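Asks: Have a look at this prediction, sequence included:
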Amino acid sequence: MNDVQILARTIYGEARGEYYRVDGGLASLIAVGNVVNNRYKQQSWYGKTIAEVCQKPYQFSCWNPNDPNQKLITTTIMDPLFDICLDVADRIIKDEWPDLTRGCDHYHAASMATFPTWSLSSKPQLKIGQHIFYNLSRRHK
């Protein structure tokens, strides 16, 4: 799989449920892709390619071995929404979409019973759909 395929699968695995929400929609798909792209642009520990960033262990839960989405995103996806994710991924990689997250490089679901440890000392930047976005790179500047 190439970077577009892997990014599309990440977007699908992380945000497909957001697409049909009034408070989510296309923006939710783009925002997840923006986070991946922002990490890629850092050329850091997260990875040197889009694929490396997406598949870095325990960074995007849909790729975790025990996550139910992992099996789904590693097989043939026959869902019209995946075609939208492919388009979003392609356009993000080509820098044709705006960065809706304004530089954010982390997010988590607002529905989590316990927020991730890294988020507890970080200021949320925005919420799109049911994801809360953060820019942790600002903490190190």
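Replies: Ah, there it is.
Asks: which helix of the protein spans the most residues?
Replies: helix 26-42 (DSSP state H).
Asks: Measure how far that helix is from the centre of its chain, please.
Replies: 5 Å (CA atoms, centre = their mean, to the nearest Å).
Asks: For it, which outside residues touch it?
Replies: Helix 26-42 is contacted by residues 7, 10-11, 14-16, 18-19, 21, 46-50, 53-54, 60, 84-85, 88-89, 92-93, 97-101, 103-107, 128-129, 131, 133, 137 when judged by CB atoms under 8 Å, 6 or more residues apart in numbering. Yep, even glycine has a C-beta here, placed from its N, CA and C like the rest.
Asks: Got a quick PyMOL command for the buried subset of those?
Replies: Buried members of those, defined by 16 or more other CB atoms under 10 Å, are picked up in PyMOL with:
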select buried, resi 7+10+11+14+15+16+18+19+46+47+50+53+54+60+84+85+88+89+92+93+97+99+100+101+104+105+106+107+128+129+131+133+137
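Asks: can you tell me which of the contacts of helix 26-42 are in helices?
Replies: Using DSSP H, the contacts of helix 26-42 in helices are 7, 10-11, 14-15, 50, 53-54, 84-85, 88-89, 92-93.
Asks: now those residues in a markdown table, with pLDDT?
Replies: Formatted as a markdown table, the ones in helices among the contacts of helix 26-42 follow (pLDDT from 0 to 100):
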| residue | pLDDT |
| --- | --- |
| Leu7 | 98 |
| Thr10 | 98 |
| Ile11 | 98 |
| Glu14 | 97 |
| Ala15 | 97 |
| Ile50 | 98 |
| Val53 | 98 |
| Cys54 | 98 |
| Ile84 | 98 |
| Cys85 | 98 |
| Val88 | 98 |
| Ala89 | 98 |
| Ile92 | 98 |
| Ile93 | 97 |
